[in-house]
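Enquirer: predicted model follows, preceded by the sequence.
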Amino acid sequence: MGFLWAGVIIFVYFFIFFVIATFIKNNSIVDVGWGIGFVITSWILMVTYGYSIEKLVINLLVSLWGIRLFYHILKRNLFKEEDFRYQAWRKAWGKWVVPRAFLQIFMLQGIFMFIVGIGAFYVNIYGFSLNNLSIWAYIGLGLGIFIWIIGYAFEVIGDRQLRHHIANPKKDQKLMTKGLWAYTRHPNYFGEALLWWGIALFVIVGGGLSSLYVIISPIVITYLLRFVSGVPMLEKRMSKSEGWEAYASKTNAFIPWFKKK
C-alpha cells in the first residue's frame, strides 16, 4: 500500500505539470519538476507513515539534492523558450503532441522518478531500527552518507564551474575543460549517479536483505545519465565545438580519472 501511495503522489504531481505545460506550450518545464518531486513525495510519505531518525536523515539528503537542482534548473530555464529537445519532439509528433507528451514525457518521467526514488521511499514507508544495528552496520550507513556527499559535491561544483565558464566573456574556448571537467566530461552527471549509490547503500545496510531490490535505483539513474538522456544528448551538441576531439580523446566521459596521454 505504501508504494501505491507513492505512485499516486507522483502521478498527481506530474499530471499537474502536464496541464501547465500544455497550457503554456512548454514541455521542458518537466525538468524543473524532477528534483523537487522527490522531495515532495518523500516528505508526504514520512508525514503519512510517521517520522524517525533514519527518515529524517534520508529526507535531508534528498531535500539538499532536490531543492538545489530545482533552483538550478528553474533559474536556467525561467522565462525561456522550450528546450531544443522538446521542440524537436513537438515538431515530430505534430497533432499527437498532447497525448504523446502526456505518456512519453510526463508519465514516463514519473515512472523513472518512482524507480530512482524507491530507496528513499522505502525508508519513509518502512523505516528501520537503528538500535539493533552492529558497529559494522553503522560504518556502512556512514559510508553511504559519505558517498552521497562526494556525489553531491561533484554535482554542485561541476555545475558551478560550468556556470562561471559560460558567463566568462574572456574564455579562450567554448568547451569547459578545467576543474572537475578535466577529469570527467560530465562531473555533474557522475555526481548525481554517485549520490544515489550512496542512498542505496544507506538503505540496504539499514533495511537488510528485504530492501535489496532498491539497488535498482542507482542502476537505472546511472544507465539513464550515461547512455540515454544525459551524456549522449549533451555530447551531440558538445561535439560541434572546437577542440572537442582532443578533449574527448584525453578525458573520460563519465567516471573521473586522470587525463590520457
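Expert: Cool, the structure landed.

Enquirer: skipping adjacent residues, who's closest to Leu45 in space?
Expert: The shortest distance from Leu45 to any residue other than its chain neighbours is 3.7 Å, reached at Asn124 (CB to CB, 6 or more residues apart in numbering). Glycine gets a C-beta too; all of them are placed from N, C-alpha and C.

Enquirer: now do the SS call for Met176.
Expert: coil (DSSP: H, G, I helix; E, B strand; the rest coil).

Enquirer: wait, doesn't it sit right on Arg163?
Expert: No - applying CB atoms under 8 Å, one finds Met176 not in contact with Arg163, separated by 9.7 Å.

Enquirer: of these two, which one has the most company?
Expert: For Met176 versus Arg163, neighbours defined as other CB atoms under 10 Å are more numerous around Met176 (23 against 14).

Enquirer: just the helices in the stretch 51-200 of the chain please.
Expert: Assigned by DSSP state H, counting those that start in this stretch, the stretch 51-200 of the chain shows helices spanning 53-77, 84-93, 97-101, 108-116, 118-126, 135-167, 187-207.

Enquirer: is there a neighbour count for Ile135? I'd like the number.
Expert: By the other CB under 10 Å criterion, the neighbourhood of Ile135 contains 7 residues.

Enquirer: kindly report the same for the one 10 residues further on.
Expert: Burial of Ile145 is recorded as 17 neighbouring residues (other CB under 10 Å).

Enquirer: tell me who's in contact with it.
Expert: Ile145 makes contact with Val57, Leu61, Gly198, Phe202 under the criterion CB atoms under 8 Å, 6 or more residues apart in numbering.

Enquirer: likewise Ala137?
Expert: Neighbouring residues of Ala137 by CB under 8 Å, 6+ apart: Val205, Gly206.

Enquirer: which pLDDT value goes with the residue positioned nearest the centre of the chain?
Expert: Centrality entry for the chain: nearest residue to the mean C-alpha point is Glu192, 5.4 Å, by CA atoms, centre = their mean. On pLDDT, Glu192 comes in at 96.

Enquirer: got it, and Phe79?
Expert: Phe79 carries a pLDDT value of 67.

Enquirer: circling back: quick check: the residue nearest to Leu45 vs Val62, distance?
Expert: Counting by CB to CB, to the nearest Å, the separation of Asn124 from Val62 is 9 Å.

Enquirer: one more: Ile125?
Expert: Between Ile125 and Val62 the distance, using CB to CB, works out to 14 Å.

Enquirer: higher neighbour count, these two?
Expert: Val62 (26 against 18).

Enquirer: and the helix or strand harbouring Gly35, which residues are buried?
Expert: Secondary-structure element containing Gly35, defined by DSSP states H and E: helix 29-49. Taking 16 or more other CB atoms under 10 Å as the basis for neighbour counts, the residues of helix 29-49 that come out buried are 29-39, 41-46, 49.

Enquirer: now do it against helix 187-207, angle only.
Expert: Helix 29-49 runs at 20 degrees relative to helix 187-207, counting by axes from the mean of the first three to the mean of the last three CA atoms, to 10 degrees.

Enquirer: how far off centre is helix 29-49?
Expert: Using CA atoms, centre = their mean, to the nearest Å, the mean C-alpha position of helix 29-49 is found 12 Å from that of the whole chain.

Enquirer: which helices and strands does that helix pack with?
Expert: Judged by 3 or more CB pairs under 8 Å, 6 or more residues apart in numbering; DSSP states H and E, helix 29-49 is in contact with helix 2-24, helix 53-77, helix 108-116, helix 118-126.

Enquirer: contacts for stretch 122-135?
Expert: Contacts of stretch 122-135 from elsewhere in the structure, counted by CB under 8 Å, 6+ apart, are 2-3, 6, 42, 45-46, 49-50, 52-55, 58-59, 141, 203, 206-208, 211, 214.

Enquirer: can you give me the end-to-end distance of that stretch?
Expert: Counting by CA to CA, to the nearest Å, you get 23 Å between the two ends of stretch 122-135.

Enquirer: weakest of the helices of the stretch 51-200 of the chain in terms of mean pLDDT?
Expert: In terms of average pLDDT, helix 84-93 trails the rest of those, at a mean of 88.

Enquirer: brilliant, that's me finished.
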